[in-house]
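Engineer: next comes the sequence, and after it the predicted model I'd like to discuss.
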Amino acid sequence: MSKLDVVGIQHPLSEPAIAKLEKLESFSSIASTNTYLMSQPSPAAGRYRVAIADHQTSGRGRHFRRWISAPGSGLCLSFSYTFMSRTTQLEGLTLAIGVGVLGALQHLEVDGVSLKWPNDVVALDGKLGGSLTEVQSGQSEHATVVTGIGLNVDIPQRIDFDVESDWAHRAVDLKSVGPNLPGRELLAGTLVDHLFLAFKRFEESGLQGFMSEWRANDWLLGREITVDMPDKQITGTAVGVAEDGSLLIDTNNGQARVISGSIVMAGPKKQGT
């Protein structure tokens with residue numbers, strides 16, 4: 001294991017991102033980058049902190065699930081941002097972050113990537129990565145949010161990938177997606193830059209500023225899916241995302257709106273969608 005070079009990570013950052021960077025730390029191994037940043041002081045308003053690791057020993061996904069990756073196989077990055085003003089509607093932030101990650105990959109000429117509601121990055125119909133967003137401080141005038149990004153870069157052929165990927169037939173990595181695998185520092189720096197821009201954009205325009213990009217890259221659209229919710233399961237056809245970020249599903253009993261849940265099954269996309 002080896003930690004990424006901090007200077008190399010900062011090289012792709014735009015001037016606005018460099019100006020607002022409060023602290024960037026790189027680790028060869030850490031329990032969880034999200035847990036680490038959640039325990040650190042919040043950045044000043046309008047500023048951000050970053051923790052990056054080559055390997056996590058206790059990485060976390062949604063609903064307290066584990067995020068498993070072998071040493072050197074992926075990129076584990078957490079980003080802590082404090083909003084300039086009190087932002088009350090954070091529900092759609094996870095979708096906005098997904099658009100930011102997609103923009104970073106497109107900037108690196110990684111093609112064929114889509115977004116799966118609410119927090120997954122998809123390529124070749126498999127899970128390329130995902131995010132976990134947590135509120136560190138939401139009671140004061142300035143809300144602080146920590147979001148963790150996990151991306152598979154070059155995973156071993158045999159890896160037990162945990163139930164976090166139940167909806168996907170397999171995990172995929174960047175090495176499989178395209179011939180030109182970006183350097184790890186370039187990948188990390190580009191992600192940091194686009195995450196900073198996504199947070200600033202969300203602060204200015206909310207989820208509405210991201211909806212057209214999300215809908216254009218909606219992997220679930222037109223697929224027969226099953227969603228696991230705390231009190232029930234819903235099966236139907238995914239028909240898009242509402243303005244508030246909730247998932248819309250056409251079922252035999254009409255249209256359902258899912259605010260929170262896990263996709264446990266996703267079929268092939270129907271023709272014409």
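Structural biologist: Structure received.
Engineer: quick one: the strands in this protein?
Structural biologist: 21-27, 48-53, 74-82, 113-116, 120-123, 126-137, 144-152, 223-228, 233-241, 247-251, 254-258, 262-269 (DSSP state E).
Engineer: redo these as a markdown table? Include mean neighbour count and mean pLDDT.
Structural biologist: Quick note: C-beta positions are derived from backbone N, CA and C, even for glycine. Formatted as a markdown table, the strands of the chain follow (neighbours: other Cβ atoms under 10 Å; pLDDT from 0 to 100):
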| stretch | mean neighbour count | mean pLDDT |
| --- | --- | --- |
| strand 21-27 | 18 | 97 |
| strand 48-53 | 25 | 97 |
| strand 74-82 | 26 | 94 |
| strand 113-116 | 22 | 97 |
| strand 120-123 | 23 | 95 |
| strand 126-137 | 21 | 91 |
| strand 144-152 | 25 | 95 |
| strand 223-228 | 19 | 94 |
| strand 233-241 | 18 | 96 |
| strand 247-251 | 18 | 97 |
| strand 254-258 | 14 | 95 |
| strand 262-269 | 16 | 86 |
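Engineer: which one of these lies closest to Gly8?
Structural biologist: Evaluated over these, closeness to Gly8 peaks at strand 21-27, with 9.5 Å, by Cβ to Cβ.
Engineer: packing partners for the closest one?
Structural biologist: helix 6-10, strand 48-53 (3 or more Cβ pairs under 8 Å, 6 or more residues apart in numbering; DSSP states H and E).
Engineer: that older thread, and the strands of the chain as a markdown table, adding distance to Gly100?
Structural biologist: As requested, these are arranged in a markdown table below (distance: least, Cβ to Cβ, whole Å):
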| stretch | distance to Gly100 |
| --- | --- |
| strand 21-27 | 16 |
| strand 48-53 | 12 |
| strand 74-82 | 9 |
| strand 113-116 | 11 |
| strand 120-123 | 11 |
| strand 126-137 | 9 |
| strand 144-152 | 9 |
| strand 223-228 | 24 |
| strand 233-241 | 16 |
| strand 247-251 | 20 |
| strand 254-258 | 23 |
| strand 262-269 | 21 |
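Engineer: those strands: which one's closest to Gly183?
Structural biologist: Between Gly183 and the strands of the chain, the tightest spacing by Cβ to Cβ is seen for strand 74-82, at 11.1 Å.
Engineer: that closest one pairs with which strands, parallel or anti?
Structural biologist: Strand 74-82 has the following sheet partners, assigned by DSSP bridges: strand 48-53 (antiparallel), strand 144-152 (antiparallel).
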